[in-house]
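>>> Take this sequence and fold it.
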Amino acid sequence: MRFETIQFEITDGLAVLTLNRPEVMNALSSLLRAEMLQAIQRASTDARVLVITGAGRAFCSGQDLQDAGARGKLDLEKTLNEEYVPLLKALTDCPIPTISAVNGPAAGAGANLALAADVVIATASASFIQAFTRIGLVPDAGGSYWLPRQIGMARAMGAVLFADKVTAPQAAEWGMIYEAVPDAEFAAHWLSRARHLAKGPTAAYRGVKQAMRQSFDNDLDAQLALEARLQGICGETEDFHEGVTAFLEKRAATFTGH
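Predicted coordinates:
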């Protein structure tokens, strides 16, 4: 599978998707969104963990305002419904763990794309900017959904209305992201994290994702029932048997993803 705007490879169960338009800070063109969707769909079936990162000095600067048709003629509602929604749904519904390795500034839709992953690890010099009101827009790409859940309404409202830059350490303190890592350690750190997940119990991770995401909509009874059902599924896997055996034998488990 050949791509023009991204780099994509799968090695030992680890899929790495790199936004590769560094000359425009990896701005989201129509082609880039289409290629990301293809790569995520392939990772969903062929990998055990997916990492999304950016080439160059930025993670993603958001919508490419120079993209074809964007010069005051872009149908924003149509673009969101036909291009962003399928991409974001593919990412959030991805059955394997997903990591955003935010290597630099993430702005607008680029910031919210990063926040849609299961885990966000950012280099300490990175930042997140809800830049929409600077050009007279509301947050999109899931920002109005994720931010209040991650950092609370007060901080979410302020971050969107003022379009202030939120540094990676601040984002970690607020609960917007999981980790802010010193720049010199960043690449090795996210790779280590990703490899750990790639060797883990895939069915359990899939259950974790489902339970965590549905918890916002379920009452306690429904959530307890979901936990029991998912635990029953995990209890039938080879990885559960291996995990228990390894624990009793006082050794590290070797999970196969089955």
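
>>> Check the chain and tell me which residue is nearest its centre.
Centroid-nearest residue in the chain, with Cα atoms, centre = their mean: Ala117, separated by 1.8 Å.

>>> Can you tell me the element that one falls in?
Counting by DSSP states H and E, no helix or strand carries Ala117.

>>> measure it to Lys199 for me?
Separation of Ala117 from Lys199 (Cβ to Cβ, to the nearest Å): 19 Å. Every C-beta, even on glycine, is put in place using the N, C-alpha and C of the backbone.

>>> just to revisit the earlier point, which phi and psi does the residue nearest to the centre of the chain have?
Ala117 has phi and psi values of phi -70, psi 160 when expressed as degrees, to the nearest 10.

>>> Next up, the contacts around it.
By Cβ atoms under 8 Å, 6 or more residues apart in numbering, the contact set of Ala117 is Ile52, Leu91, Thr98, Ile99, Ser100.

>>> And for Ala101?
By Cβ under 8 Å, 6+ apart, the contact set of Ala101 is Val51, Ile52, Thr53, Ile121, Ala122, Phe186, Trp190, Ala194.

>>> mind giving me JSON lines with those and columns for neighbour count and pLDDT?
Putting the contacts of Ala101 into JSON lines (neighbours: other Cβ atoms under 10 Å; pLDDT from 0 to 100) gives the following:
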{"residue": "Val51", "neighbour count": "26", "pLDDT": "98"}
{"residue": "Ile52", "neighbour count": "27", "pLDDT": "98"}
{"residue": "Thr53", "neighbour count": "23", "pLDDT": "98"}
{"residue": "Ile121", "neighbour count": "26", "pLDDT": "98"}
{"residue": "Ala122", "neighbour count": "29", "pLDDT": "98"}
{"residue": "Phe186", "neighbour count": "23", "pLDDT": "97"}
{"residue": "Trp190", "neighbour count": "24", "pLDDT": "97"}
{"residue": "Ala194", "neighbour count": "24", "pLDDT": "97"}
